[in-house]
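Visitor: sequence-free structure coming up:
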């Protein structure tokens, strides 16, 4: 801006119209070189959804990586052109595109980071290995299982191996588990399948501090792979008591695992405060069954509903990824026929 | 030497006389001619008539040439007087005391220069050379001029000039005084006529008195032969000439007055024809732009003036002075009338504008009373507008009033139609269009029709009925609003709280909005029920029936109500009934929804329960429901659902057991 030496209003003239002092255009040009200070605030949490529809969340930035008929770039969605018959190897070509886009939308600036991805989809490998995904990002991985095709298992295997290769903490959820989920909320009613999963993930994003704390504690004791189980909108109409409700969780893990491999159990309960004691007692009994536990933790969060509902989320820290062995056979079958889909070679 | 000097003086005098005469001739030819004629008269026995000639000319209005004539006369006469005195001194040397001759017949000059003349042709034949060379003639003149006596003539000449000038001034003053007096009413013509005669008397008498009384030796010291008889003849001659001039003046004046009257008439006719033409154009333009302003009177007055002027124009070239003068008076009267027409027209437009503004203000009050926010355009008259400004204001106002009337009439018809629909009344015949009044230039009639006959009457005639009719509807809307709280419904409730007939169109729109809201609410119930059924069915095929949420539960009731909602007119009573029925259905649905919530929570946990039951069955082969982690009712439901979707199992309700078929006894 033009500058009057006597601090009068700016004027595009040779002299100031008020005091007739000569306008210093040289100083004005030098002033243009300085960038104004700006403070940018980022949301506390960010969540990248890869190959699965994003869900909105308050106080969090969410974005989506998808494939479609045409390449399309928006502030919160990157749609890569779908490759007909394309495998995860083919989509790795877009690594730079994804990296630039993630940088442009400032992914990595929030304190808590989530990567939610369907590892049965080829672009999940691209997302898992991208350099813009920080190493402290927690991955929620929907994995292939025994109901998946060999190609899906191969893709899921490659994605999981990539995640483990980067030592990213992972919460494993099999496709069947996700498809059979059902959830009820007083605000949105009954939902099931991926819609229910999204609803649960939204709940996780809302409780991101607790979840991140759980994951961080596990990282410190060398745990990267996790399974989870959950009770959404439970009450005494459904379960005989809290004990019985929590006890069912042993059979309802998001992925099959061996109880001996459970090294930590961390429970997040959202309930009316009157139920806290019961939950704690039930939790203690529940964890006592796991003999190899290194660490356990409970977090209680208060909330009230008309139907006196409560939610229980249990995060199991596992010694090893229980899904990889399940996928290996399918992975190998494909890799043998298509050597380019051998993850180890790619690495 | 002395002779040469005198000769030079004489020659210079002659040259000066000729030069001045020439100048006089250029400036005033007729004056010079009269002056030369007067000088020539000095050679005759009737020399005194020279003064009469000069003075009569002055007295009869030749004031402009008075001074050229007097100067020419004196300058021409002076050398002749010198010669006369020169000759006289030679002829009569014994009486040197006699004094110079100033105003007398130039007898010596006449006698010595040539044979006595009997006529006024002295200058016509050329003088003979012998006479000029005659030493008897030239010698005495030269002797006189070179002697001392020549100086004696200077004072008398000056006196003559002074007398002549005073006489001319007296004549001029008398003429001017009389003509000024003629400006006084009633004496003008008489004084104008007698002025030449009076001047003809005063002038010679003044001259004779002055020239005679100044002649004695001790005063002027000059000779004059003017005696009482000469003075009398001078007076007679002057009177004769004055009379001749007066006669000429009278004849000229008479002829001039007729022409003047004719020319005046023609000029005025031209002017007035232009004015009447302008007036016609103005009236035509106003009538075309503002036909509602009645300018018949002004138009008629202008046409009458045009007709009268045409009559005058047809006779102006042939009529006598008397008629012409009478016509001049008549034309003046017409002129007065037609000149005032534009102003009268302007005032009429302003008056019409003010009247129309008053009407609009009055009828706006009626509209306000009827609850109409729209009003007729009004305008405040300018201080003192021109015709163009007033006409522009009036035209603009009438256009805007018509446009407003059209809008108000249209909204009235809509409101009336809406009111009839709302109250289930038959549609009346269409009301009279106010433009029938406007088209017949009855602006006030059009305004009254719209404001009072339609809106105000509509308001007063239906206000009470409308309030009664909306009470029931308002209660229904409030009940419905408690269930479906929206901004629209709140606004409708507010409007229905204090309805006025002029709001009928809005109220009809509101009832239509209410019907739409009813349909949306019913549709939402339907869709809710359908979605719920689908979701539960996806969890377990038999779940909807088992849980009592076999959607849609209100299908028939909803369909019937939606059908009626589509068919019925948005009347007060029907809308109220529909709202009440919809409210009942919504309430029932919500109540069911609350009951459903329990079933939905149970249903939401079935996928987990299915796994738990499956695992237990695989482990034990038979499950007692109390052994399951579920509450009794939930456990029974899950048992039903499980056995329904797993045909290889059986649920024994009596013993509350689930058993695999192959484990059955």
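Guide: On my side now, so go ahead. Keep in mind it's a predicted model, so treat the numbers as computed, not measured.
Visitor: Report the buried residues of stretch A:260-279.
Guide: A:261-271, A:275-276, A:278-279 (16 or more other Cβ atoms under 10 Å in any protein chain shown). C-beta coordinates here come from the backbone N, C-alpha and C atoms, glycine included.
Visitor: These in strands, which ones?
Guide: Taking DSSP state E, the ones among these that sit in strands are A:262, A:263, A:264, A:265, A:266, A:267, A:268, A:269, A:270, A:271.
Visitor: May I ask which two of the residues you listed are separated the most?
Guide: Greatest spacing in these, by Cβ to Cβ: A:263 and A:271 (26.3 Å).
Visitor: Need the contact partners of stretch B:582-593.
Guide: Contact with stretch B:582-593 is made by B:476, B:479-480, B:483-484, B:518, B:521-522, B:525, B:528-529, B:553-554, B:557-558, B:561, B:565, as judged by Cβ atoms under 8 Å, 6 or more residues apart in numbering or on different chains.
Visitor: Tell me the buried residues in it?
Guide: Neighbour counts over stretch B:582-593 (16+ other Cβ under 10 Å) mark B:582, B:583, B:585, B:586, B:589, B:592, B:593 as buried.
Visitor: Now it: average pLDDT?
Guide: Mean pLDDT, computed over stretch B:582-593, is 84.
Visitor: Now do it: distance to the chain's middle.
Guide: Put simply, stretch B:582-593 sits 74 Å off its chain's centre (Cα atoms, centre = their mean, to the nearest Å).
Visitor: Switch the ones in strands among the buried residues of stretch A:260-279 over to JSON lines, and while doing so, append distance to residue B:201 and pLDDT to every line.
Guide: Converted to JSON lines, those look like this (distance: Cβ to Cβ, whole Å; pLDDT from 0 to 100):
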{"residue": "A:262", "distance to residue B:201": "163", "pLDDT": "96"}
{"residue": "A:263", "distance to residue B:201": "162", "pLDDT": "96"}
{"residue": "A:264", "distance to residue B:201": "158", "pLDDT": "96"}
{"residue": "A:265", "distance to residue B:201": "159", "pLDDT": "96"}
{"residue": "A:266", "distance to residue B:201": "154", "pLDDT": "95"}
{"residue": "A:267", "distance to residue B:201": "154", "pLDDT": "95"}
{"residue": "A:268", "distance to residue B:201": "148", "pLDDT": "95"}
{"residue": "A:269", "distance to residue B:201": "150", "pLDDT": "94"}
{"residue": "A:270", "distance to residue B:201": "145", "pLDDT": "93"}
{"residue": "A:271", "distance to residue B:201": "148", "pLDDT": "93"}
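Visitor: wait, which of those residues is closest to residue B:648?
Guide: Using Cβ to Cβ, residue A:262 comes nearest to residue B:648 of these, at 32.3 Å.
Visitor: pLDDT value on residue A:185, please?
Guide: 83.
Visitor: Can you give me every residue that contacts it?
Guide: So residue A:185 contacts A:191, A:199, A:232, A:233 (Cβ under 8 Å, 6+ apart).
Visitor: ok, which residues in the stretch 501-650 of chain B are in contact with chain A?
Guide: For the stretch 501-650 of chain B, the residues in contact with chain A (Cβ under 8 Å from any Cβ of the partner chain) are B:532, B:535-536, B:538-539, B:597-598, B:600-608, B:611-612, B:615, B:628-631, B:633-634.
Visitor: tell me the domain ranges of chain B?
Guide: Chain B breaks down into these domains under automatic domain parsing: B:2-226, B:259-348, B:353-462, B:475-590, B:606-663.
Visitor: Quick check: residues of chain A near chain B?
Guide: Within chain A, the positions near chain B by Cβ under 8 Å from any Cβ are A:180-184, A:186, A:189-192, A:231-240, A:244-245, A:247-248, A:251-252, A:306-307, A:309.
Visitor: list the buried ones in stretch B:335-346?
Guide: B:335, B:337, B:338, B:341, B:342, B:345, B:346.
Visitor: Need the domains of chain B in a markdown table (columns: distance to residue A:109).
Guide: Output for the domains of chain B, formatted as a markdown table (distance: least, Cβ to Cβ, whole Å):
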| stretch | distance to residue A:109 |
| --- | --- |
| domain B:2-226 | 111 |
| domain B:259-348 | 74 |
| domain B:353-462 | 56 |
| domain B:475-590 | 38 |
| domain B:606-663 | 38 |
